[in-house]
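# no FASTA, just this:
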């Protein structure tokens, strides 16, 4: 199994631009999670899906953030418009039972 | 809500034993997990304790005391490659596939 796949691995963009992060969970896992990691705030849960349905998006910082999961094998996290304070590493994770597997992350830099 | 407390930094000597503690406050409880993260990498699963006691996996062991809302990760025969951040994490209930909530992490530095 290839594990959780994320793209792009690195993204550098300018303030105001739209950013779309992509995730492919492990096949057969029915839960998907988006986290953001910064030095100041650590690992923060942004949103999670069970069986492609968003369950809790209370961690999404603002309306500029949105996430979708159109099918069991794909999810996106979109930031529009992006701001410098959005700079962080964004992780996608999926889980089938007790163990949660993380993707390699997307390092986002907003200038 | 949930909160987890763990030391921010620990330094230990190669070959030694180190213990990283974690205390938690949750409205419910469904197990304590530990993850390792190397600089520039993703968190990777180390262990999971649902019941009180010690779980051993090679050089790593994890302990849980639910009555004390406390757990620890024990690393033995430390190696330089063990230098990383270690996170404890909890799920506050077991219905469905609820997410893990992570502590701020403990940065372990192994020195020669």
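Arrived safely, thanks for sending. Since the structure is predicted, the reported quantities are computational estimates derived from the model, not experimental observations.
# Number of residues surrounding the residue of chain A found nearest chain B?
Using C-beta to the nearest C-beta, residue A:31 is the residue of chain A that sits closest to chain B, at 3.4 Å. The C-beta positions use only the backbone N, C-alpha and C, and glycine is treated the same way. Neighbour count of residue A:31, defined by other C-beta atoms under 10 Å in any protein chain shown: 20.
# quick one: it and residue A:97 touch, right?
No - the criterion here is C-beta atoms under 8 Å, and residue A:31 misses it with residue A:97 at 9.9 Å.
# Tell me the pLDDT of the residue nearest in space to the middle of chain A.
Most central in chain A under C-alpha atoms, centre = their mean is residue A:34, positioned 3.7 Å from the mean C-alpha point. Per-residue pLDDT puts residue A:34 at 97.
# For chain B, give me the ranges with low pLDDT.
B:1, B:92-97 (pLDDT under 70).
# Equivalent analysis for chain A, please.
The model of chain A has pLDDT under 70 over residues A:1.
# Near chain B, which residues of it are found?
A:30-31, A:33, A:42-43, A:45, A:48, A:50, A:55-56, A:91, A:95, A:98-105 (C-beta under 8 Å from any C-beta of the partner chain).
# Filter these down to the buried ones, ChimeraX style.
Buried subset of the residues of chain A next to chain B, written as a ChimeraX selection, criterion 16 or more other C-beta atoms under 10 Å in any protein chain shown:
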select /A:31,33,42,43,45,48,50,55,91,95,100,101,102,103,104,105
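# Where strands are concerned, which of the residues of chain A next to chain B count?
A:31, A:33, A:42-43, A:45, A:48, A:50, A:55-56, A:91, A:95, A:100-102 (DSSP state E).
# And stretch B:27-43, what's buried?
Here stretch B:27-43 shows B:29, B:31, B:32, B:33, B:34, B:35, B:36, B:37, B:42, B:43 as buried, counting by 16+ other C-beta under 10 Å.
# distance between the ends of that stretch?
Stretch B:27-43 has an end-to-end distance of 25 Å (C-alpha to C-alpha, to the nearest Å).
# got the phi/psi numbers for residue A:85?
Main-chain torsions, residue A:85, degrees, to the nearest 10: phi -70, psi -10.
# Just give the nearest non-adjacent residue to it, would you?
residue A:110 (7.8 Å; C-beta to C-beta, 6 or more residues apart in numbering or on different chains).
# and what of residue B:5?
residue B:23 (4.8 Å).
# Burial check on that neighbour, number of neighbours?
Residue B:23 has 16 neighbours, counted by other C-beta under 10 Å.
# swap in residue A:38?
Residues lying near residue A:38 (other C-beta under 10 Å) number 13.
# Please name the residues that touch it.
Applying C-beta atoms under 8 Å, 6 or more residues apart in numbering or on different chains, we find residue A:38 in contact with A:44, A:87, A:88, A:89.
# Chain B against chain A: which residues are in contact?
Residues of chain B found near chain A, taking C-beta under 8 Å from any C-beta as the criterion, are B:31, B:33, B:41-45, B:48, B:50, B:87, B:96-97, B:99-105.
# hang on, the earlier thing: just the buried residues of stretch B:27-43: which are in strands?
Per DSSP E, the subset of these in strands is B:32, B:33, B:34, B:35, B:36, B:37.
# will you turn these into a markdown table that also has distance to residue A:8?
Output for those, formatted as a markdown table (distance: C-beta to C-beta, whole Å):
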| residue | distance to residue A:8 |
| --- | --- |
| B:32 | 33 |
| B:33 | 28 |
| B:34 | 29 |
| B:35 | 24 |
| B:36 | 25 |
| B:37 | 20 |
